[in-house]
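K.L.:
next one to model:
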Amino acid sequence: GESFWGGPFKDEFDDRLSHDKRGMLSMANSGPHTNKSQFFITYKACPHLDRKHTIFGRLVGGFGTLDKIESVKTDKKDRPKSEITLLKAIVIQNPIPEMEATLEAFLLEKINARNNAVAIGSNKRKNKESDPEKNFDIKEGRKRGEETAPV
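P.N.:
Numbering: from 1, shown residues only. Take a look at the predicted model:
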């Protein structure tokens, strides 16, 4: 096949994306910057393909169809013995902005939780210091931090 641009195009790697699960969509190629029109869908995690094949999407449904594709017999070169034709594909959305927004919300939640924990811990220390009973050292008979008078 031929690419939209009429010839091979450069790899577009994004380190935020990985062949880390079943259903990743990537460009097939014959070496660096040789992308044309063929693509593949992973059946399992294949991290050894990272930075070798451009990831451009992932399945969010249709895993039953992927099961059927996976069950097709292949030859010695791992090519399907019978033709596989996709009749329809729906692009739902670009996952990168969604992932960034999800990550940002997660990190903000963690920061807020940490800030709240620090504020609560700070209030407990303040309350302890302001409560004379909690600030009295029974063993020494004096307030904590108070120097003993020389004898």
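K.L.:
which stretches in this structure count as strands?
P.N.:
If DSSP state E is used as the criterion, the strands of the chain fall at 24-27, 39-41, 55-58, 136-137, 142-143.
K.L.:
mind checking which of the ones you listed is nearest residue 101?
P.N.:
Put simply, out of the strands of the chain the one that sits nearest residue 101 is strand 55-58, at 16.6 Å, with distance taken as CB to CB. Every C-beta, even on glycine, is put in place using the N, C-alpha and C of the backbone.
K.L.:
which secondary structure elements does that closest one contact?
P.N.:
Helices and strands touching strand 55-58, as assessed by 3 or more CB pairs under 8 Å, 6 or more residues apart in numbering; DSSP states H and E, comprise strand 24-27.
K.L.:
against residue 54, how distant is residue 33?
P.N.:
Look at residue 33 and residue 54: by CB to CB, to the nearest Å, they are 10 Å apart.
K.L.:
typo on my end, residue 46
P.N.:
For residue 46, the distance to residue 54 - CB to CB - is 14 Å.
K.L.:
what do the two both touch?
P.N.:
Both residue 46 and residue 54 lack any common contacting residue under the criterion CB atoms under 8 Å, 6 or more residues apart in numbering.
K.L.:
any chance you could list residues touching both of residue 33 and residue 54?
P.N.:
A shared contact of residue 33 and residue 54, defined by CB under 8 Å, 6+ apart, is any residue touching both; here these are residue 11.
K.L.:
which one's more surrounded, those two?
P.N.:
residue 54 (20 against 11; other CB atoms under 10 Å).
K.L.:
isn't the more buried one right next to residue 11, touching?
P.N.:
Yes. Because the distance of 5.1 Å satisfies CB atoms under 8 Å, residue 54 is recorded as touching residue 11.
K.L.:
find residues that contact each of these two.
P.N.:
Going by CB under 8 Å, 6+ apart, residues that sit against residue 54 and also against residue 11 are 27, 29, 35.
K.L.:
show me which of those residues is closest to residue 64.
P.N.:
For the shared contacts of residue 54 and residue 11, the nearest to residue 64 is residue 27 (24.4 Å; CB to CB).
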